[in-house]
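Asks: Structure for this input, please:
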Amino acid sequence: MTVKLQGPRRRRLSMTSLIDVIFLLLLFFMLTSTFSKFGEVELMAAGQGADSNGKQMLFVTLGAQSLTLNGQPADLERIAGLIRLQPQSGGHLVLISPGAGASSQRLVDLLSELRRVEGLQTLVLG
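Replies: Prediction:
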């Protein structure tokens, strides 16, 4: 009876199939992922000697949970309608004062609501 002291020789693993699988996974995730679409929001910072050109000035205070238009409580969804109700001769100039607790997302939401009003100019106070 013959006894083999050496085991069977091991063959080297082929990395070709592993590279193919990694490439296919990379391709799959690249094609199925969704890419965010970024929008632009125009900001105009207040400067010295801002000329209103006969526009009616409105003051909006933006807080973390509150919103006021000329000192009166307002709703974010109805702010565009409230500004349209204000008497105008040459349009509106809205001064926005974000409070310490107001998030940038809340400011963007407010600016997108105010875009609905024709002839409106906004200034964000720092």
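
Asks: Averaging pLDDT per element, find the lowest-scoring helix or strand in this protein.
Replies: When each helix and strand of the chain is scored by mean pLDDT, DSSP states H and E, helix 79-85 comes last, with a mean of 81.

Asks: Show me what counts as buried in it.
Replies: Along helix 79-85, these residues count as buried under the neighbour rule (16 or more other C-beta atoms under 10 Å): Ile79, Ala80, Leu82, Ile83. In short, each C-beta sits where N, CA and C put it, glycine included.

Asks: Quick check: closest non-adjacent residue to the last one.
Replies: Think Ile83. Excluding the flanking residues, the one nearest Ile83 by C-beta to C-beta, 6 or more residues apart in numbering is Val117, at 5.3 Å.

Asks: now the first one
Replies: On the basis of C-beta to C-beta, 6+ apart, the spatially nearest residue to Ile79 that is not a chain neighbour turns out to be Glu113, at 5.6 Å.

Asks: hey, where'd the strands end up in the protein?
Replies: Secondary structure of the chain by DSSP state E: the strands cover 56-62, 67-69, 72-73, 92-98, 120-124.

Asks: how long is stretch 65-73 end to end?
Replies: With C-alpha to C-alpha, to the nearest Å as the measure, the first residue of stretch 65-73 is 11 Å from its last.

Asks: What residues sit buried inside that stretch?
Replies: By neighbour count on 16+ other C-beta under 10 Å, the buried set for stretch 65-73 is Leu67, Leu69.

Asks: who touches that stretch?
Replies: With contact meaning C-beta atoms under 8 Å, 6 or more residues apart in numbering, stretch 65-73 is reached by 58-61, 74-76, 79, 82-83, 99, 101, 110.
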